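Engineer: For reference, the sequence and a predicted model appear below.
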Amino acid sequence: MRSWSGSVLLLALLASGVNPVVSPKAPRGSPKAPRGLAGVPTAAEPGPGLALPDSLAAWLDGLGDDSLLVQLAVSELTDSSARRLYGRLDELRQTPASLIKLCTASAALELWGPEHRIATRVAYDPGELRFQKKSKLLQVEHLWVEAGGDPSLGAEDLRQLFLQIWQAGVDQVSGPVCVLPNRFAAERQGPGWMWDDAGAPFSARPSDLTVQGNCLAAHSGPGGWELPGSALLRVEHEAAARGTEARLTRHREEARDEFFFIAPLAPPLSSQALRWRVRPPDPACSVEHPDSLFRSVCFEAAQEVFGEARPPVLNGALALPVAPVWKQHLSPPLAQLLDSVLTESWNLGAECIFQGLALDRPGLTGTNWERAATLVERVLTDSLGVRGWRRQVDGSGISRYNSIAPRQLVDLLAAMERRHPGLLRGLLPSTGEGTLRLDGPKLPAVVRLAAKTGTLRGVAGLAGYLEREGGPRLAFCLLISGQQSGRDAVRLRNRVLARLGTWLESLPEESR
């Protein structure tokens, strides 16, 4: 057990916004805050409204121990305001894990709106059209592909996009398909991402040249194990088919990946394999250079539609024509993408939206990670009124450099409900859905939960809305840090929500 002097030092670091180094192999617990420090449990704001029973408040006050930091913020929401109902260490900033997706989603809804769609476009130059007398076909020399960072883009979507060009009258492409350069940050991993997560589907590299979830996965087919998407993924016109498992060879100096096929896969995959783009099944691995995968899938799609095709040129060696003819594929609406981001905690979706927000916006400097972080901070502060210092460095919460207080997240939830009633709340999972599918809290039948989970090793959180049918609605954020067992944190989280739900159910009729 740490001495109290060590505990006070650790809390001083946390209060200053500096995250202590946490080993990914053996996380150490964060101590319960001494009563003498800022963050002592706070009572409800004065005025008309709900008040927690003394017994419930006392029970919440006693949560945690010397190795477990439990933070909780609760507000009562009305149509026009939010009233602080309870706070325990609620202004102490901590690593929020995937709860940071609430910030990303709120900023995207505020800037883009729920109907926004991300475009992937292909163009040709009408000035290059030539009629081939021998084949009696219309031919162009080049095609240009401009991607917008659609995290849901698949190989079939690209094929359909090239098919639009063919249906417009272009029968053949004599020269290369030119893929315009990636406009997202050149750094593939976000600040603070753990090196040993590389290759895991949950840390797939974001790029505006995203396709197939930037992952390789396999599924069972008539001929055994196959790659999803196009029949074979090829890099620079070459593919090997010596078996049926995908293997990645990474060429770091050349910033590209190669894909090969080796021995049969084992063990078999479940029937969930078809959902691999949002939540890839095992076995699956993320590619280190998504541009290579995008180029590979582009080649396959163009070859299928136009026949022989030259390898795509990745870095936009040819400038766009003056008056190109564009065809486009649009992503599902933003609200639908965010439904997967928040319900399934889809990291790649969050990162593509996060970086996409900063594209083509003047007045932002730094890498695109930094530009996006600056933009989201401005939206949360200026548009949504969330005050106080905080730090967000990525869109998904993979990084431990993110730092925010539970009270700030509750203020954000309240602001979104006030400005866009039901919008964010409707995108969050309830018990039995998404990341709450198996281990959500057991609540009274008349109490509904809509909340986002957040989990890293040593961090577990839940933030969202809790309401009784026809009665009051609460915004809350619960953050548990330092636990050695994730299951213990889930059990504690569920006990807190169950107690709050039981209290809501017990309120007299005039309070509902």
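Structural biologist: Alright, I've got the coordinates. Numbering: from 1, shown residues only.
Engineer: When you work out contacts or count neighbours from here on, use the C-alpha atoms and nothing else.
Structural biologist: Noted.
Engineer: Tell me which residues of whatever helix or strand Trp503 lives in come out buried.
Structural biologist: Following DSSP states H and E, one finds Trp503 within helix 486-506. For helix 486-506, burial by neighbour count (16 or more other Cα atoms under 10 Å) applies to 486, 489-490, 492-494, 496-505.
Engineer: now, which of the residues you listed sits nearest Ala450?
Structural biologist: Nearest to Ala450 among the buried residues of helix 486-506 is Leu497, at 11.5 Å by Cα to Cα.
Engineer: That closest one contacts Gly440, correct?
Structural biologist: No. Contact status for Leu497 versus Gly440: not in contact, 9.4 Å apart, counting by Cα atoms under 8 Å.
Engineer: in the stretch 201-350 of the chain, which spans are helices?
Structural biologist: 290-306, 334-343, 347-357 (DSSP state H, counting those that start in this stretch).
Engineer: and if you look at the stretch 351-500 of the chain?
Structural biologist: Along the stretch 351-500 of the chain, counting by DSSP H, counting those that start in this stretch, helices occupy 368-378, 406-419, 423-427, 486-506.
Engineer: cool, the stretch 1-150 of the chain as well?
Structural biologist: In the stretch 1-150 of the chain, the helices defined using DSSP H, counting those that start in this stretch lie at 4-15, 54-61, 101-111.
Engineer: what's the angle between the last one and helix 368-378?
Structural biologist: Using axes from the mean of the first three to the mean of the last three Cα atoms, to 10 degrees, the direction of helix 101-111 lies 80 degrees away from that of helix 368-378.
Engineer: Give me the below-cutoff pLDDT ranges for the stretch 51-200 of the chain.
Structural biologist: In the predicted model of the stretch 51-200 of the chain, residues 133, 198-199 satisfy pLDDT under 70.
Engineer: what's the closest of the helices of the stretch 201-350 of the chain to Tyr124?
Structural biologist: helix 290-306 (13.1 Å).
Engineer: buried residues in that closest one?
Structural biologist: Applying 16+ other Cα under 10 Å to helix 290-306 flags 290-303, 305-306 as buried.
Engineer: For it, name the packing helices and strands.
Structural biologist: If you count contacts as 3 or more Cα pairs under 8 Å, 6 or more residues apart in numbering; DSSP states H and E, helix 290-306 packs onto helix 155-167, strand 256-262, strand 310-313.
Engineer: Break this protein into its domains for me.
Structural biologist: Following automatic domain parsing, the chain resolves into domains at 32-114+335-511, 119-330.
Engineer: most packed of these?
Structural biologist: Comparing the domains of the chain by mean neighbour count (mean count of other Cα atoms under 10 Å), domain 32-114+335-511 ranks first with a mean of 20.
Engineer: where's that domain relative to the chain centroid, distance-wise?
Structural biologist: With Cα atoms, centre = their mean, to the nearest Å as the basis, domain 32-114+335-511 stands 15 Å off its chain's centre.
Engineer: show me where pLDDT drops low in the stretch 251-400 of the chain?
Structural biologist: Ranges of the stretch 251-400 of the chain meeting pLDDT under 70: 251-285, 314-317.
Engineer: what's the spacing between the residue nearest in space to the middle of the chain and Leu492?
Structural biologist: The structure's the chain has its C-alpha centroid closest to Ala350; by Cα atoms, centre = their mean the separation is 2.6 Å. Counting by Cα to Cα, to the nearest Å, the gap from Ala350 to Leu492 is 28 Å.
Engineer: Please name the nearest non-neighbouring residue to Gly149.
Structural biologist: Asp208 (3.4 Å; Cα to Cα, 6 or more residues apart in numbering).
Engineer: The one you found and Glu351 touch, don't they?
Structural biologist: No. Applying Cα under 8 Å as the test, Asp208 and Glu351 come out as separate, 10.1 Å apart.
Engineer: quick one on the thing from earlier: can I get the helices and strands packed on helix 290-306 in a markdown table with distance to Arg425?
Structural biologist: Converted to a markdown table, those look like this (distance: least, Cα to Cα, whole Å):
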| stretch | distance to Arg425 |
| --- | --- |
| helix 155-167 | 30 |
| strand 256-262 | 40 |
| strand 310-313 | 43 |
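Engineer: For Tyr401, find the nearest of those.
Structural biologist: Comparing the helices and strands packed on helix 290-306 by their distance to Tyr401 (Cα to Cα), the top pick is strand 256-262, with 28.1 Å.
Engineer: Of the helices of the stretch 351-500 of the chain, which is nearest Ser340?
Structural biologist: Set against Ser340 and scored by Cα to Cα, the helices of the stretch 351-500 of the chain come closest in helix 423-427, at 8.3 Å.
Engineer: Let's test this: mean pLDDT of the closest one, rounded?
Structural biologist: In this model, helix 423-427 has a mean pLDDT of 96.
Engineer: contacting residues around that helix?
Structural biologist: 105-106, 335, 338-339, 342-343, 416-417, 450-451, 464-465 (Cα atoms under 8 Å, 6 or more residues apart in numbering).
Engineer: Stretch 461-474 too?
Structural biologist: 74-78, 96-97, 99, 409-410, 413, 425, 428, 446-455, 475-480, 493, 501, 504-505, 511-512.
Engineer: Quickly note the distance from Trp112 to Leu466.
Structural biologist: As judged by Cα to Cα, Trp112 and Leu466 stand 27 Å apart.
Engineer: ok, now Leu427?
Structural biologist: 14 Å.
Engineer: can you check Ser207 too?
Structural biologist: Ser207 is 36 Å from Leu466, by Cα to Cα.
Engineer: go on, Val179?
Structural biologist: For Val179 relative to Leu466 (Cα to Cα), the value is 47 Å.
Engineer: thought Ile398 was touching Pro191?
Structural biologist: No. Counting by Cα under 8 Å, Ile398 stays clear of Pro191, with 9.2 Å between them.
Engineer: all strands of the stretch 51-200 of the chain, in order?
Structural biologist: Taking DSSP state E, counting those that start in this stretch as the test, the strands found in the stretch 51-200 of the chain are 69-77, 82-88, 119-124, 130-132, 137-140, 143-146, 172-173, 176-179.
Engineer: what are the pairing partners of the last one, and which direction each?
Structural biologist: Translated: strand 176-179. strand 143-146 (parallel), strand 310-313 (parallel) (DSSP bridges).
Engineer: Including distance to Asp382, could these go into a markdown table?
Structural biologist: Below are the strands paired with strand 176-179 laid out as a markdown table (distance: least, Cα to Cα, whole Å):
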| stretch | distance to Asp382 |
| --- | --- |
| strand 143-146 | 32 |
| strand 310-313 | 42 |
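Engineer: which residues touch the residue nearest to Gly149?
Structural biologist: Taking Cα under 8 Å, 6+ apart, we find Asp208 in contact with 147-150, 182-184, 352, 356.
Engineer: One more: Ile118?
Structural biologist: By Cα under 8 Å, 6+ apart, the contact set of Ile118 is 148-150, 330-332.
Engineer: of those, closest to Leu161?
Structural biologist: Nearest to Leu161 among the contacts of Ile118, counting by Cα to Cα, is Leu330 at 9.9 Å.
Engineer: I'd guessed that closest one sits against Glu115; true?
Structural biologist: No. Contact criterion Cα under 8 Å: Leu330 and Glu115 do not qualify, at 11.2 Å.
Engineer: returning to that earlier point: can I get the strands of the stretch 51-200 of the chain in TSV including distance to Glu377?
Structural biologist: As requested, the strands of the stretch 51-200 of the chain are exported to TSV (distance: least, Cα to Cα, whole Å):
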stretch	distance to Glu377
strand 69-77	21
strand 82-88	21
strand 119-124	25
strand 130-132	51
strand 137-140	45
strand 143-146	28
strand 172-173	45
strand 176-179	32
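Engineer: In contact with Ala405, which residues?
Structural biologist: Going by Cα under 8 Å, 6+ apart, Ala405 touches 90-94, 390.
Engineer: Not counting sequence-adjacent ones, nearest residue to it?
Structural biologist: Using Cα to Cα, 6+ apart and skipping the chain neighbours, the partner closest in space to Ala405 is Arg93 (4.0 Å).
Engineer: Give me the pLDDT for Gly493.
Structural biologist: Quick fix: residue 493 reads Arg, not Gly. Per-residue confidence (pLDDT) for Arg493: 93.
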